[in-house]
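> A structural model of the following input is requested.
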Amino acid sequence: MKIARSIFVSTCVLAAAVAAQAQGQPKAFVQVLTVHTKPEAAVDYEAFVKKVIAAGDKIGQSQRTITYQVVTGGPGYTYMIASYLDKWADLDTMLSTSEILTKALGEIEGPRALRVGRTSIESTESVVYRLLPELSTKPRAYDPQPEYLQLLRTHVKLEKVRDWEAVIGRYKAAAEQVAEAPTSIRRISVVGPAGLYLTSSPFSKNAERDAWPSFMDVLKKAYGEEEARSLDQRRRDCTQYSETLIVKYRPDLSRLGK
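You can find the predicted model right below:
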């Protein structure tokens, strides 16, 4: 397994689009820490995360984190921890895992717990994504969290970014008029790889996806067969590659704050 690429895929996917804040619009930024564990140590890693959550509770930490796990379409044993931001300044008040454990457990036990936890981890990556409300379909945040997210990661050729956004803008305008079209929250990496767009559509049961129209179905209904095919070809010409994953919300590994 190419671990570096696996981490890259799962990190981008998550963030794209997690809509996991309080009721209202998704927040402007999301910072995503992706953790790929050793297969034999996944249970140990989950125990470590629960210890960090308990430590945060002990020190009265209000930082909100939402954890998802890849279940289909991507590497296993991969966890994605999202922290939502209104503005960059919010990063100044966020505590690292090391700081949380040290404050809660002390100068000796805190670092010791961190070292033990790290033995279960194969690799990590942190990326920040910015919301694209002008390209998102029916954007809204969710509380409580949806059970699953369907996540689409699209790496656009840098010289074709404007063309790709123009096509997605046409799709958004059409999808807003289709009742069956799901919420699709789009974000772009602003600290991390360039030209990477991420789309998330939440659902609670897989049966819901049976009613979702395809990209072409939406375009045909709004613009007719010929223009729909032209728009779809433009989208394909702009795309370097794309991937779709399903991730599952892990409430036992999340901290919803107070």
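
> And what about the residue lying closest to Leu132 once chain neighbours are set aside, helix, strand or coil?
Of all residues not flanking Leu132 in the chain, Arg186 sits nearest, at 4.6 Å (Cβ to Cβ, 6 or more residues apart in numbering). Yep, even glycine has a C-beta here, placed from its N, CA and C like the rest. Assigned with DSSP: H, G, I helix; E, B strand; the rest coil, Arg186 falls in the strand class.

> Test of understanding: give the bridge partners of Arg186.
Beta-bridge partners recorded for Arg186 (DSSP bridges): Thr199.

> Wait, it touches Tyr129, no?
No. At 9.6 Å, Arg186 does not count as touching Tyr129 under the criterion of Cβ atoms under 8 Å.

> who has more neighbours, those two?
Neighbours were counted for Arg186 and for Tyr129 using other Cβ atoms under 10 Å; Tyr129 has more, 28 against 25.

> just checking, Lys87 touches Ala28?
Yes. With contacts counted by Cβ under 8 Å, Lys87 reaches Ala28, the gap being 6.7 Å.

> Compare the two (neighbour count), which wins?
With neighbours defined as other Cβ under 10 Å, Lys87 and Ala28 compare such that Ala28 has more, 16 against 10.

> Surely that one is in contact with Arg130?
Yes. Between Ala28 and Arg130 there is a contact under Cβ under 8 Å: 6.6 Å.

> can you pull out the strands in this structure?
Here the chain has its strands, by DSSP state E, at 29-37, 66-72, 78-85, 121-131, 148-156, 185-191, 196-203, 239-249.

> Quick check: bridge partners of the closest residue to Val70 other than its chain neighbours?
Spatial nearest neighbour of Val70, excluding adjacent residues (Cβ to Cβ, 6+ apart): Thr78 at 4.5 Å. Residues in a beta bridge with Thr78, per DSSP bridges, are His36.

> residues near Thr78, how many?
Thr78 has 26 nearby residues by other Cβ under 10 Å.

> what does the longest helix belonging to the chain contact?
In the chain, taking DSSP state H as the definition, the longest helix is helix 97-118. The set of residues external to helix 97-118 that reach it, using Cβ atoms under 8 Å, 6 or more residues apart in numbering, is Asp44, Tyr45, Phe48, Lys51, Val52, Ala54, Ala55, Gly56, Lys58, Ile59, Gln61, Leu95.

> From Thr37, how far off is Ser123?
Look at Ser123 and Thr37: by Cβ to Cβ, to the nearest Å, they are 9 Å apart.

> In terms of neighbours, single out the busier of the two.
Neighbours were counted for Ser123 and for Thr37 using other Cβ under 10 Å; Thr37 has more, 21 against 15.

> And the pLDDT for that one?
Per-residue pLDDT puts Thr37 at 95.

> can I assume it is in contact with Ser120?
Yes. Here Thr37 lies in contact with Ser120, judged by Cβ under 8 Å, at a distance of 5.4 Å.

> Give me the neighbour count for Arg250.
For Arg250, the count of nearby residues is 17 (other Cβ under 10 Å).

> if I read this right, it contacts Thr67, doesn't it?
Yes. Using Cβ under 8 Å, Arg250 is in contact with Thr67, at 4.6 Å.

> just to revisit the earlier point, tell me the pLDDT of the residue nearest to Val70.
With respect to pLDDT, Thr78 has a value of 93.

> Surely it and Val35 touch.
Yes. Between Thr78 and Val35 there is a contact under Cβ under 8 Å: 7.2 Å.

> list the contacts for Val247?
Val13, Leu14, Tyr68, Gln69, Val70, Val71, Met80, Tyr148, Leu149, Leu151.

> Quick check: bridge partners of the fourth one?
Read it as Gln69. Tyr79, Lys248.

> who touches it in this structure?
Counted by Cβ under 8 Å, 6+ apart, Gln69 has contacts Thr78, Tyr79, Met80, Val247, Lys248, Arg250, Leu253.
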